[in-house]
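In: one predicted model, sequence on top.
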Amino acid sequence: MSSWRSWHRPLLLFAALMIVAGVGSAVGLLADDRTLTGSPIWFKPFKFSLSLTVYALSLAWTLSLATRARRLAWWAGTVVAVAGTVEMVIIIGQVFRGKISHFNRETPFDAALYDVMAVTIVVLWTGAVTIAVLLFRSRIEDRAAAWTLRLGSLLAVIGAALGFLMPQPTPEQRAAAENGPVDVVGAHSVGVPDGGPSMPLTGWSTTGGDLRIPHFVGMHALQVLPLLLLALVALAPHLPRLRDETVRLRLVFAASGTYAAVLALITWQALRGQPLLKPDTATLAVGAAVALGAALAVGVSLNATPRARSGATGTPSDPGDPDRAGRTHEETSA
């Protein structure tokens, strides 16, 4: 575990700013009784600030582990921090104006702000993709930790990309656009208008699909998977099977595959206009298949025979592992 002093400084500063924004938004929730699209007007910046705080801290830590192209990694993290800051400034600024920030084309100024947000999101996503690629190229000794970070970053990039589905005009907006310009283009919800009945805390729709759900779940794979690995390491003294690095690696692959399957399932559910808590028979059937696959994967991972140890160092012999193969090739060439 790297010291926090080696974490990416601009991302740490960004996280600090998001904490301040979160506190300010919490005050706004208590002091400002205005509502927007069916929820308290300060609810959106409050949720964004919390989510971005966790995301920024995770990236700041992750970048401290990168061993390749560290200067490029620093710039990629800085780009994410700057783009995220611009995004939040616009969101909070629109709250002060009493306007929605996303999908707003009511006036030329609102449309310009939304266009800036669209650019910052693309820039932020590009920075995240760069970081994910660098993690795949970095040499991290613990294979389970290495693949946890790589697959967590990959799933986070996919989750962020799902956000690009939201700016697409709904069928109702396309029909209205035939008669002239429309004030709102895009939506979080599928099959129902934004601002309807929603879940507490999250604000996700309870009457239709909601694209924010897979977007959120995907982006936070970067926190969930490392936390799972930390739990495996913490349990290792009490469960001897988990002391084997290869077993932990297999469990990481099982968890990542299950996470990807769940992400695909809830994306499919949202695109069909189905509320998260009201799955139909098809969704339940696929969910049961995912659960069964996860149980089988965990069982195989725990019961597989550990790989034989080789050499005096006692490191696992795994010729199929790209990290270990790359190191062997470099050592032979040296």
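Out: Great, that's in hand.
In: just checking, what packs against the strand or helix carrying residue 109?
Out: Per DSSP states H and E: residue 109 is located in helix 108-137. Using 3 or more Cβ pairs under 8 Å, 6 or more residues apart in numbering; DSSP states H and E as the contact criterion, the elements in contact with helix 108-137 are helix 43-63, helix 70-97, helix 143-162. C-beta here means a position set from N, CA and C on the backbone, and glycine is covered the same way.
In: what's the closest of these to residue 248?
Out: Closest to residue 248 of the helices and strands packed on helix 108-137 is helix 143-162 (Cβ to Cβ; 4.1 Å).
In: next, the buried residues of stretch 202-218.
Out: 203-205, 208-218 (16 or more other Cβ atoms under 10 Å).
In: what lies in contact with that stretch?
Out: Contact with stretch 202-218 is made by 39, 43-44, 47, 51, 155-156, 158-160, 162-163, 165-166, 188-192, 196-199, 262-263, 266-267, 269-278, as judged by Cβ atoms under 8 Å, 6 or more residues apart in numbering.
In: try it again with 7 Å
Out: Applying Cβ atoms under 7 Å, 6 or more residues apart in numbering, the contact partners of stretch 202-218 are 39, 43, 47, 155-156, 158-160, 162-163, 165-166, 188-192, 196-199, 263, 266-267, 269-277.
In: re earlier: now the angle between helix 43-63 and the helix holding residue 109, please.
Out: 30 degrees (axes from the mean of the first three to the mean of the last three Cα atoms, to 10 degrees).
In: tell me the buried residues in helix 108-137?
Out: 110, 113-114, 117, 120-121, 123-125, 127-136.
In: out of the helices and strands packed on helix 108-137, flag the one nearest residue 243.
Out: Between residue 243 and these, the tightest spacing by Cβ to Cβ is seen for helix 143-162, at 11.7 Å.
In: for the record, mean pLDDT for the closest one?
Out: Across helix 143-162, pLDDT averages out at 94.
In: got it, and stretch 16-35?
Out: The model assigns stretch 16-35 a mean pLDDT of 96.
In: which positions within it qualify as buried?
Out: Of all the residues in stretch 16-35, those buried under the rule 16+ other Cβ under 10 Å are 17-19, 21-22, 25, 28.
In: check stretch 46-63 too.
Out: For stretch 46-63, using 16+ other Cβ under 10 Å, the buried residues are 46-53, 55-63.
In: partners of residue 210 in the sheet?
Out: Listed by DSSP bridges, the beta-bridge partners for residue 210 are residue 189.
In: for residue 272, see how far away it is.
Out: For residue 210, the distance to residue 272 (Cβ to Cβ, to the nearest Å) stands at 12 Å.
In: do residue 94 as well
Out: 31 Å.
In: those two: who's more crowded?
Out: residue 94 (22 against 14; other Cβ atoms under 10 Å).
In: what's the nearest residue to the more buried one if we skip its chain neighbours?
Out: residue 101 (4.1 Å; Cβ to Cβ, 6 or more residues apart in numbering).
In: any idea of the pLDDT on the closest residue to residue 104 other than its chain neighbours?
Out: Of all residues not flanking residue 104 in the chain, residue 110 sits nearest, at 4.3 Å (Cβ to Cβ, 6+ apart). For residue 110, the pLDDT comes out at 94.
In: cool, residue 83 as well?
Out: Residue 83 carries a pLDDT value of 95.
In: that one contacts residue 119, doesn't it?
Out: No - Residue 83 is not in contact with residue 119 according to Cβ atoms under 7 Å; the separation is 8.5 Å.
In: tell me the spacing between the residue nearest to residue 86 when sequence neighbours are not counted and residue 84.
Out: The shortest distance from residue 86 to any residue other than its chain neighbours is 4.8 Å, reached at residue 120 (Cβ to Cβ, 6+ apart). Between residue 120 and residue 84 the distance is 8 Å, computed by Cβ to Cβ.
In: likewise residue 150?
Out: Counting by Cβ to Cβ - residue 150 and residue 84 are separated by 22 Å.
In: wait, residue 59 sits on residue 79?
Out: No - between residue 59 and residue 79 there is no contact under Cβ under 7 Å: 11.1 Å.
In: got any ranges where the protein has weak pLDDT?
Out: Within the chain, the ranges that satisfy pLDDT under 70 run 1-4, 304-334.
In: quick one, phi psi at the residue nearest the centre of the chain?
Out: Against the mean C-alpha coordinate of the chain, by Cα atoms, centre = their mean, the closest residue is residue 219 at 0.7 Å. Backbone torsions for residue 219, taken as degrees, to the nearest 10, come to phi -60, psi -30.
In: was I right about it contacting residue 56?
Out: No - with contact defined as Cβ under 7 Å, residue 219 and residue 56 do not form a contacting pair (11.6 Å).
In: what is in contact with the two at once?
Out: Contact criterion Cβ under 7 Å, 6+ apart; no residue bridges residue 219 and residue 56 by contacting each.
In: which SS class is residue 180?
Out: What DSSP: H, G, I helix; E, B strand; the rest coil gives for residue 180 is coil.
In: state the distance from it to residue 105.
Out: Residue 180 sits 12 Å away from residue 105, going by Cβ to Cβ.
In: what of residue 36?
Out: Residue 36 sits 16 Å away from residue 105, taking Cβ to Cβ as the criterion.
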